[in-house]
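Colleague: Dropping the sequence and predicted coords here.
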Amino acid sequence: MAETIKKGNRAGVVIGGDNSLLNLSVLNAVYVQTYLNETPVQRIPIAELVGIESSLTSSLRNNLPLFNNRPTRASFIASGDFNKIELVTGGLLNLSYGIRFYYAFGFDDQNSTIQYKGALSNNVSPVEGNEYSTQSRGANGLVCVNVNSNIDNPQNAANAGLTDFATFRNLLNISVLNCPSTLRVKLRSAVGPTGYRAGFVVSNGGLLDLNLLQNVRLSTYLDDALQQSASGANLLRVNVLPDNRYFLSFQTTKPFNHVEIRLNGAVNVLDNLNVYYGFGIEEAAFSDPEPVFSDFEDPTDKFRTATLTPNTDGVLNVSACASVLGSSCTGFVDPSFAAKRNLTTTYAQIKGSLVNLSVNQGLALAVKLNGANKVATGRAGKAGNRAGFVFDYTSNGGIIGNLLSAGVLSNFTITTYREDQSTARKGTATSALPTLVAVESVSGANLAQATLLGGSTGRQALSFVATQDFDWVELTTTNTVGTVQDTRIYYAFAEDLRGFFPENLVNPSNPLPVELASFTVRATAQGAELHWKTASEKNNSRFIVERAVQQGTDVAFQAIGQVAGAGTSTTAQQYRFLDATAAEQSASTVYYRLRQVDTNGQESFSPVVAATFEGRVLAASLQLAPNPAGATDWVRVQVGAASEITGQHLVVYDGQGRQVHSVAVTDHTTLLPTQSLSQGLYHVVLLNAAGKRLTSQRLIIAGR
């Protein structure tokens, strides 16, 4: 690995089949093994990582290598630090089987490095009746007598150990039906009033069926006063964490210092629900303030549809009606709407005609991401982004709420693509359109970044964390989704990862001196352009911009400049800084952070952002010394450029535009002889290998 992956972070390998059929026994005989230097750390079967509902194995259940030629990600949570990863076989494999190993990856737990306002129920010594309570009231308003009879270890949801948990048990009995099991915990401090999410981190040993949320009610309290409540799949938001835990939450508009989870006993499937802790955390911890969408004013050529059949080259086969506005392809209605600017009221539809496809077929809708407002150059979707779709289902006029169940997830695949403008490959409908080359594909239970978007919309977001840059996102569904009659696809998105639970919190009653709303960097022809916004500032003296050429917790950042702060301000402020030497660093990717300094000298750090200059050309520059040149016979010329200097020339012109000298550039520092130049004004011009002018500088030759 390029750097050490830390314990608790998500990592994995990207693999694929070699167009031969693989079965579960083969996958069980192949392991991922991690090492720290030469010391073994973790060993996991590929079958366990890919999952029986993944694209690699679900297609094989039907004896069809539908997706096994596409790169598929098998990921895991690192049980310890490691810097080497390999695939090993635990037994003899049939020679007719094969697995392609593309690359390995690892992601930093970004939310653990960013500081947010919020509080957890991680009390030091929780006392019943104060830091936690299992008291419930029945429909008659009276306090129930079965206190703590259905919750094991309730104190664990209110103590300092974030891996401890309370457990709801035996919910299906008459007493619980009359008095639902309830657990209330106290936060370390009050939060609010607006811009916060309230909820709990939970698990139940597997994928959570969203139908169960009809039996869950979350509430907030300020001391003993009820503030707000939310229940059901249309109001609660569900996010899947990398360790098979979830957080259930809803957005609040009132201050609170207690959160409560209440389960009714209508079904026994909520038995053994583990509750780790409650929280109240600002909304910014859970969403990217500047995501990229498939939102084009004119969606022509920004969408494609396809009927999928076994494919051997990983290239999307485009149907005849792809990119035709207003068309209704087989199984689709208005596919262009998934690439249209209106993100709320228009949508593409996959209709019930899907069931008319043969058993080995599926429908795919691919849309292009619009990075014009966020990405200066390069691909709109970046490695490390969460990539996916927002959509919903209807059946018999109602919302289907079991998206996170393994049975439904097994029917969906999300694939990212990059555009290849060079040539048109087999399978494209027209050579005028760029070829789409599959980058990576994730399906089934591996779509671990599943989110139910609350707020009564019923919309759901399915996504995964991309390991490579991409331009397009595709949603594929197979005909095994027999219960889904109408899938409405609103848009695709790519956003900065918020996949881990934020645990680096600051007490809201002691707010941050600077509330950083956004911090971005982009590579430009002039260098690295940094932009950041603040929502409010208190005694803010300045921002010191720091740079590093490596990533990691032990990396040494160096100050490269500073920008004055606004002091104390309650209005939004915008800042800009240009690092003109970014592309001249020793690495193609450069990392930045802000060191914010208060007027009293206290400091805090921003999250880290990165810009990549690989393949870019920085504006060339010339520095001449001495200038004017006097009694010297040589002038030192410093050539500043991020591009390759091979083939470049320095050409000297006199005041009448006549070439009087030329010298090849062999290094960024070149000596220019001037003994043949008489007194006067000259122009030194830098030309590239093709003879194109890059930049110039005036040179004065003084009296000799």
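Modeller: Good, I have the coordinates. Numbers count the residues shown, from 1 in each chain.
Colleague: CA only for contacts and neighbour counts going forward, please
Modeller: Will do.
Colleague: So which residues of the stretch 201-350 of the chain form strands?
Modeller: 216-222, 225-231, 237-240, 246-252, 256-263, 273-282, 292-293, 303-308, 332-333, 348-350 (DSSP state E, counting those that start in this stretch).
Colleague: want to throw those strands into JSON lines with mean pLDDT?
Modeller: Converted to JSON lines, the strands of the stretch 201-350 of the chain look like this (pLDDT from 0 to 100):
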{"stretch": "strand 216-222", "mean pLDDT": "91"}
{"stretch": "strand 225-231", "mean pLDDT": "88"}
{"stretch": "strand 237-240", "mean pLDDT": "71"}
{"stretch": "strand 246-252", "mean pLDDT": "87"}
{"stretch": "strand 256-263", "mean pLDDT": "92"}
{"stretch": "strand 273-282", "mean pLDDT": "92"}
{"stretch": "strand 292-293", "mean pLDDT": "91"}
{"stretch": "strand 303-308", "mean pLDDT": "78"}
{"stretch": "strand 332-333", "mean pLDDT": "80"}
{"stretch": "strand 348-350", "mean pLDDT": "82"}
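Colleague: I5 is nearest to which of those?
Modeller: Among those, the nearest to I5 by Cα to Cα is strand 237-240 (21.3 Å).
Colleague: for that closest one, packing partners?
Modeller: strand 246-252, strand 449-452 (3 or more Cα pairs under 8 Å, 6 or more residues apart in numbering; DSSP states H and E).
Colleague: What strands flank it, and is each parallel or antiparallel?
Modeller: Its sheet considered, strand 237-240 pairs with strand 246-252 (antiparallel), strand 449-452 (antiparallel) by DSSP bridges.
Colleague: Direction included, what does the helix or strand following the last one pair up with?
Modeller: Same thing as strand 449-452. Sequence-wise, the next helix or strand beyond strand 449-452 is strand 460-465, with elements assigned using DSSP states H and E. Paired neighbours of strand 460-465 in the sheet (DSSP bridges): strand 385-395 (antiparallel), strand 449-452 (antiparallel).
Colleague: Going by contacts, tell me the helices and strands next to the helix or strand just after strand 460-465.
Modeller: Using DSSP H and E, the helix or strand that follows strand 460-465 towards the C-terminus is strand 472-478. Judged by 3+ Cα pairs under 8 Å, 6+ apart, strand 472-478 is in contact with strand 362-368, strand 385-395, strand 412-420.
Colleague: May I have the helix or strand that the last one is followed by as CSV, with CA atoms only?
Modeller: Right, the one you point to is strand 412-420. Using DSSP H and E, the helix or strand that follows strand 412-420 towards the C-terminus is strand 435-443. Extracted C-alpha coordinates of strand 435-443, given in CSV (Å, rounded to 0.1, in the frame of the first residue of the first chain):
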residue,chain,number,x,y,z
THR,A,435,-17.4,5.3,-25.1
LEU,A,436,-18.2,4.4,-21.5
VAL,A,437,-15.6,2.2,-19.9
ALA,A,438,-16.6,0.4,-16.6
VAL,A,439,-14.5,1.5,-13.6
GLU,A,440,-16.0,-0.5,-10.8
SER,A,441,-19.2,-2.1,-9.8
VAL,A,442,-20.9,-2.9,-6.5
SER,A,443,-24.1,-4.8,-5.8
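Colleague: Next, the angle strand 412-420 makes with strand 435-443.
Modeller: 150 degrees (axes from the mean of the first three to the mean of the last three Cα atoms, to 10 degrees).
Colleague: quick check: mean pLDDT across strand 435-443?
Modeller: The average pLDDT for strand 435-443 rounds to 80.
Colleague: State the distance from the residue nearest to E419 when sequence neighbours are not counted to D471.
Modeller: Leaving aside its sequence neighbours, E419 sits nearest to L436 (Cα to Cα, 6 or more residues apart in numbering; 4.9 Å). In this view, L436 and D471 are 9 Å apart by Cα to Cα, to the nearest Å.
Colleague: Counting residues, which strand of the chain comes out longest?
Modeller: strand 527-548 (DSSP state E).
Colleague: residues of whichever helix or strand comes after it that come out buried?
Modeller: Next in sequence after strand 527-548, counting helices and strands by DSSP H and E, comes strand 558-569. For strand 558-569, the buried set under the neighbour-count rule, 16 or more other Cα atoms under 10 Å, comprises G565, A566, G567, S569.
Colleague: does the last one have beta-bridge partners, and which?
Modeller: By that I understand S569. Bridge pairing for S569 - DSSP bridges - gives E537.
Colleague: give the contact list for it.
Modeller: By Cα atoms under 8 Å, 6 or more residues apart in numbering, the contact set of S569 is S536, E537, K538.
Colleague: wait, isn't the second one in contact with A566?
Modeller: Yes - between E537 and A566 there is a contact at 7.0 Å, judged by Cα atoms under 8 Å.
Colleague: is it true that F256 touches K186?
Modeller: No - contact criterion Cα under 8 Å: F256 and K186 do not qualify, at 9.5 Å.
Colleague: Quickly list what's touching both of the two.
Modeller: By Cα under 8 Å, 6+ apart, no residue touches both F256 and K186.
Colleague: Between those two, point out the one with more neighbours.
Modeller: Remark: of F256 and K186, K186 carries more neighbours, 32 against 27, as counted by other Cα atoms under 10 Å.
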